[in-house]
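Visitor: coordinates only, sequence not included:
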């Protein structure tokens with residue numbers, strides 16, 4: 001009888017230890033939040049234009065102060081614009097659990113391209129994962145990188161021409177990037193329908209107003 005009680009006690013102690021160990025392991029997985037809002041010196045973004053008649057299709061716009069998805073004209077010539085942006089996510093392990101990823105883009109009334117416009121129709125746009133390399137100082141429309149529509153994020157039509165798009169949920173899109181850090185080539189912003197005249201106009205990391213630079217907040221466990 002005494003042996004049975006001793007065995008039962010040992011089994012009880014072992015179970016308590018196991019539960020304690022599991023609890024310790026769970027608490028050891030710390031939740032972290034990283035906020036990225038690069039400036040002109042450490043940011044990487046660029047606009048690409050397809051106005052062939054203007055020569056813009058082979059011209060680099062790596063230091064432009066705006067981040068646009070546009071369909072317009074220039075001297076009666078089609079002039080569509082897409083934008084590229086990259087965030088350095090190297091501090092996040094590929095094994096990390098991404099809780100959430102929120103991107104904020106801030107409206108900018110551009111002297112050259114105006115503000116958000118729905119003149120000819122919806123300016124709903126896509127954020128797509130870029131799948132090939134590009135250089136901020138050399139990329140053009142003709143040399144633009146490839147993208148994928150897998151897990152792309154839809155930015156709905158703007159409600160007014162000064163609307164900030166804050167806390168855009170790009171969690172699923174970012175998970176694809178984190179899993180394959182060597183394939184992090186950033187994101188592309190483009191109109192869902194590139195028909196003039198419509199567009200979204202945001203500030204880029206080169207904008208003079210640092211509060212309007214694109215911002216990414218990632219909540220993760222590592």
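Guide: Received, thanks. Note that the structure is predicted; figures quoted are calculated from it, not measured.

Visitor: What segments of the protein are helices?
Guide: 2-28, 171-179 (DSSP state H).

Visitor: Mean pLDDT lowest where, among those?
Guide: For those, mean pLDDT drops lowest on helix 2-28, to a mean of 52.

Visitor: Quick check: which ranges of this protein have low pLDDT?
Guide: 1-28 (pLDDT under 70).

Visitor: If we use 50, what do you get?
Guide: The chain contains residues with pLDDT under 50 at 9, 21-22, 24, 26-27.

Visitor: And the strands in it, which stretches?
Guide: 31-36, 44-49, 66-74, 77-86, 97-105, 125-130, 147-155, 165-169, 187-191, 198-203, 215-221 (DSSP state E).

Visitor: so which of those strands gets nearest residue 116?
Guide: strand 198-203 (5.4 Å; Cβ to Cβ). No exception for glycine: its C-beta is placed from N, CA and C like everyone else's.

Visitor: roughly how far out does the closest one sit from the chain middle?
Guide: Relative to its chain's centre, strand 198-203 lies at 16 Å (Cα atoms, centre = their mean, to the nearest Å).

Visitor: do the same with stretch 84-93
Guide: Relative to its parent chain, stretch 84-93 has a centroid offset of 9 Å by Cα atoms, centre = their mean.

Visitor: For that stretch, measure first residue to last.
Guide: 24 Å (Cα to Cα, to the nearest Å).

Visitor: Tell me how many other residues crowd residue 199.
Guide: By other Cβ atoms under 10 Å, the residues close to residue 199 number 27.

Visitor: Grab the nearest non-local neighbour of it.
Guide: residue 70 (3.6 Å; Cβ to Cβ, 6 or more residues apart in numbering).

Visitor: From residue 44, how far out is the one you found?
Guide: Using Cβ to Cβ, to the nearest Å, we find residue 70 at a distance of 20 Å from residue 44.

Visitor: So for these two, which residue has more residues nearby?
Guide: More crowded of residue 70 and residue 44, by other Cβ under 10 Å: residue 70, with 29 against 17.

Visitor: residues touching the more buried one, list them.
Guide: 79, 80, 81, 113, 191, 198, 199, 200, 201 (Cβ atoms under 8 Å, 6 or more residues apart in numbering).

Visitor: now do residue 204
Guide: Contacts of residue 204 (Cβ under 8 Å, 6+ apart): 43, 45, 47, 64, 65, 66, 67, 83, 85, 213, 214.
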